[in-house]
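Trainee: Compute the structure for the input listed below.
(one chain, ligands or ions: 1)
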Amino acid sequence: MGIPLFLNADQSGLPMPSVMGILNVTPDSFSDGGRFLTQDAIERQVLKLISDGASILDIGGESTRPGAQKVSLDEEMNRVMPVVEWVVSRFDVMISVDTYKVPVMREALKQGVHMINDVNALQAEGAMALVAQSGAYVCLMHKKGEFATMQEQPVYENVVLEVRNFLLKQALACESKGVRKDKIILDPGFGFGKTLSHNEALFQNLELLVSLGYPILVGVSRKKMIADILDGASVSDRVNGSVASAVLAALKGAKIVRVHDVKETVEALKVTMRLL
Ligand code: 7PJ
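Mentor: The predicted structure follows:
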């Protein structure tokens, strides 16, 4: 547990947010054209994320995008654990595992990962106690509804208050189960049961979440909301919009930005924080 968060002070003395690099260990991300993940391609991507300046790696084996195929527990374990073991044994980088399944959390924590990133905010039976006992960081994310259907007309009376109240409730529940307050990170969950106008309201009011007193993580990288703003830009045309939103999130007080394009984001943040 030797790697503290948020130590990356820029030369200006202003705090740089930590950049979390996304490592999707899924066949559509890394494959030999068939259904096998190639360890070599994954290892190259890990090296790239680290040399590009990621201070946290977020390793995930199941896509939670709307409409994505569910992955069995065994399959997720087989995808994620070899990569976790490899990274833990070789690199001094903070490791987060993106999972909502308790057995995956348990195994990853045994291997010494530093953070559990749960898009389901530790709502699974036993998840809070497990994280509490491990002493690891946890990111609690808001989502509305189930993965397959969450983008079918989500409705809120007041999205900002609903998300704020949910995250605060989960954080306090974690604390009552023994998770230390300074280990808890909150995330509004952009795109998880939210329309573009819900995402906009959450982003515009990010300060309200920041004022809860927990570090905030923002993940908008290459998401559909960027495409919605940019007239349907393809995934490869979403980089500039993603970087702009990471910078804005940092200016609004986010402490972690979860991104695919680490080099671009780190450079933009460095220059922004220096010239602010
Ligand atoms: C998020 C995530 C996010 C956190 C994904 C994608 C979809 N974890 N996992 N926050 N998104 N904490 O990357 O497009 O926004 S998967």
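Trainee: When you work out contacts or count neighbours from here on, use the C-alpha atoms and nothing else.
Mentor: Noted.
Trainee: What segments of this protein are helices?
Mentor: 39-51, 73-90, 102-111, 127-134, 159-176, 196-204, 206-210, 224-229, 239-251, 262-275 (DSSP state H).
Trainee: Okay, angle between the fourth one and helix 102-111 too, please.
Mentor: With axes from the mean of the first three to the mean of the last three Cα atoms, to 10 degrees as the criterion, the two stretches helix 127-134 and helix 102-111 enclose an angle of 10 degrees.
Trainee: Contacts for helix 127-134, please.
Mentor: 102, 105-106, 109, 116, 122, 137-138, 174, 177-180 (Cα atoms under 8 Å, 6 or more residues apart in numbering).
Trainee: Contact partners for Lys255?
Mentor: Per Cα under 8 Å, 6+ apart, neighbours of Lys255: 6, 16-18, 215-217.
Trainee: now do 6 Å
Mentor: 17, 215-216 (Cα atoms under 6 Å, 6 or more residues apart in numbering).
Trainee: do Phe203 as well
Mentor: Per Cα under 6 Å, 6+ apart, neighbours of Phe203: none.
Trainee: Look up how far Leu209 lies from it.
Mentor: For Phe203, the distance to Leu209 equals 10 Å [Cα to Cα, to the nearest Å].
Trainee: Equivalent analysis for Val84, please.
Mentor: 31 Å.
Trainee: PyMOL command for the buried members of the contacts of helix 127-134?
Mentor: Selecting the buried subset of the contacts of helix 127-134 in PyMOL, with 16 or more other Cα atoms under 10 Å as the burial test, is done by:
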select buried, resi 102+105+109+116+122+137+138+174+177+178+179+180
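Trainee: Adding distance to the ligand and pLDDT, write the contacts of helix 127-134 out as TSV.
Mentor: As requested, the contacts of helix 127-134 are exported to TSV (distance: Cα to the nearest ligand atom, whole Å; pLDDT from 0 to 100):
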residue	distance to the ligand	pLDDT
Val102	16	98
Met105	14	98
Arg106	18	98
Leu109	17	98
Ile116	9	98
Leu122	12	98
Tyr137	12	98
Val138	9	98
Cys174	16	98
Lys177	21	98
Gly178	21	98
Val179	18	98
Arg180	19	98
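Trainee: Now the two most distant members of the contacts of helix 127-134.
Mentor: Within the contacts of helix 127-134, two members stand farthest from each other by Cα to Cα: Val102 and Arg180, at 19.1 Å.
Trainee: how about the residues of the stretch 51-200 of the chain near the ligand?
Mentor: Counting by Cα under 6 Å from any ligand atom, the stretch 51-200 of the chain comes close to the ligand at 64-65, 117, 119, 139, 141, 187, 189-190.
Trainee: now those in a markdown table, with neighbour count?
Mentor: Formatted as a markdown table, these follow (neighbours: other Cα atoms under 10 Å):
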| residue | neighbour count |
| --- | --- |
| Thr64 | 19 |
| Arg65 | 14 |
| Asn117 | 26 |
| Val119 | 20 |
| Cys139 | 25 |
| Met141 | 25 |
| Asp187 | 28 |
| Gly189 | 22 |
| Phe190 | 24 |
